[in-house]
Each structure stands twice: as C-alpha cells, then as structure tokens.
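Visitor: based on what follows, work out the 3D shape:
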Amino acid sequence: MGSNRRYAAQVDRVGDEKYIARLAKKAPLQSLSPQELDLDYQPLTKNPRPQVVRAWVRFGPEPFRVNFAEAVMWTDSAVAIRFTACDVEYRCWVWSNAVDQPSAEG
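Guide: Now for the predicted structure:
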C-alpha cells in the first residue's frame, strides 16, 4: 500500500503554521530596520499580484523557513513578505537573498 501524497503539502503547512504560532508566542517577528531598508534612496517595486515564495524569517533569535509567503514589495536588496499562520497575518521585510521560489515538489 502506498502513501497518499495528495494531502502531504496541506499536512506540512498545518504543521508549519502551528510551529509559527508557537514561535510567535515566544518572540516577535523580526523585520529589517528603516536604516537597513533605506527607502528614501532605494527604488521600491510593488507587486499587484504577489507571488508565492519561500523565505527565511526570524521570531526573536529563532530562524524559520516559511514555504508559503507572498512577496508583495521589493527593493534591490530587500523583499517585503506576508504570510498567514493560524489565522494571523504576519508581515516583514527580509534580505532578498533570504527569499527564493518554491520548488516544484512543494
């Protein structure tokens, strides 16, 4: 008997969301500072149709890779992402090299 991979991505996401909720109770989601973003001098691009990305984020000192974030804005060096976990929306800025496209497997 084989495994049912049909729902594997959903099960993984639910587990990730629960872990994010536990992390968020311990420490706030970190975001780049205004000095790091330098938006007065960096061109800002807004995406009218956000694309799904994977991104490394930090809740306090704890890193976690979110596999279901959306890139909503970016500069040459940073990306604004948003993601929802357990009905809570999170938003932050991360360095662009902390973001990549999800793999074809999910």
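Visitor: buried residues in the longest strand along the chain, which are they?
Guide: Ranked by number of residues, the top strand in the chain under DSSP state E is strand 45-59. Within strand 45-59, the residues that qualify as buried by neighbour count (16 or more other C-beta atoms under 10 Å) are V53, R54, A55, V57, R58, F59. (Glycine included, C-beta is placed from N, CA and C.)
Visitor: all helices of this protein, in order?
Guide: Secondary structure of the chain by DSSP state H: the helices cover 8-26, 34-37.
Visitor: just the ones you listed: most buried one?
Guide: Per residue and on average, the most neighbours among the helices of the chain fall to helix 8-26, with a mean of 14 (mean count of other C-beta atoms under 10 Å).
Visitor: name the residues that touch that one?
Guide: When contacts are taken as C-beta atoms under 8 Å, 6 or more residues apart in numbering, the neighbours of helix 8-26 outside the stretch itself are 59-60, 62, 64, 66-68, 83-86, 88, 90, 106.
Visitor: go with 10 Å
Guide: Counting contacts by C-beta atoms under 10 Å, 6 or more residues apart in numbering, the residues outside helix 8-26 that touch it are 4, 7, 29, 57-68, 83-88, 90, 102, 105-106.
Visitor: how far off centre is it?
Guide: Using C-alpha atoms, centre = their mean, to the nearest Å, the mean C-alpha position of helix 8-26 is found 12 Å from that of the whole chain.
Visitor: again with stretch 55-70
Guide: On the basis of C-alpha atoms, centre = their mean, stretch 55-70 is displaced by 5 Å from the centre of the chain it belongs to.
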